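Student: Sequence and predicted model, in that order:
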Amino acid sequence: MNPYSRQLDRQAKRLIAGASSHRIPESAMKIITNVLRTIADQLDFPVYTLLTAKNGGWLKITLSNRNFPEQEKQVVYAYPSYEIAQIEANKLLELQPYCQEIGTIDLLFQLLALTEIDSLIFLNQSRSGKEINRNELYNLCQKQLQSPTYLA
């Protein structure tokens, strides 16, 4: 069992309660939230910190494949603590980034809508991480929404 289950449960309930503000039927939001919760259970923390620009947008990093430099993707790093994110922000003074703490389930939900981001990389204390691909997450949600077991 995830040691942060209660925090993740609260995040999921808030997301479901706000379904109408996202113009999503509550039944569909419950399905989406179940998918997000399953993924959040596999991550290390209930809250991560992102670097954001002055306009509030997430700070994106362009990564390229070493063997195929023309293959690029846009990623956002989710840091395991405010302190670690602040260290990274200090390295990027010219961009003047802000640190913003966001619940894991909320991060995953927002990722669904941000088509300009390919992946979120959830870092742990040792700076290794788990990559969540936006398209794969979106397709997983779509598959669950179309599943006959949820239509009963």
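Tutor: Here it is on my side, so go on.

Student: Which strands and helices lie in contact with the helix or strand where L120 lies?
Tutor: According to DSSP states H and E, L120 maps onto strand 119-123. In terms of contacts (3 or more C-beta pairs under 8 Å, 6 or more residues apart in numbering; DSSP states H and E), strand 119-123 is packed against strand 72-78, helix 104-113, strand 129-133. No exception for glycine: its C-beta is placed from N, CA and C like everyone else's.

Student: Reformat the ones you listed as a markdown table; add mean pLDDT, distance to K54 and mean neighbour count.
Tutor: Converted to a markdown table, the helices and strands packed on strand 119-123 look like this (pLDDT from 0 to 100; distance: least, C-beta to C-beta, whole Å; neighbours: other C-beta atoms under 10 Å):
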| stretch | mean pLDDT | distance to K54 | mean neighbour count |
| --- | --- | --- | --- |
| strand 72-78 | 95 | 16 | 19 |
| helix 104-113 | 96 | 18 | 20 |
| strand 129-133 | 95 | 26 | 16 |
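
Student: and the longest helix along the chain, what does it pack onto?
Tutor: The single longest helix within the chain, with elements called by DSSP state H, is helix 26-40. If you count contacts as 3+ C-beta pairs under 8 Å, 6+ apart, helix 26-40 packs onto helix 5-17, helix 104-113, helix 134-145.

Student: K13 is in contact with M29, correct?
Tutor: No: counting by C-beta atoms under 8 Å, M29 sits too far from K13 to count as a contact (10.8 Å).

Student: Which one's more surrounded, those two?
Tutor: M29 (20 against 12; other C-beta atoms under 10 Å).

Student: what pLDDT does the residue nearest to that one when sequence neighbours are not counted get?
Tutor: Excluding the flanking residues, the one nearest M29 by C-beta to C-beta, 6 or more residues apart in numbering is A19, at 3.7 Å. What the model reports for A19 is a pLDDT of 91.
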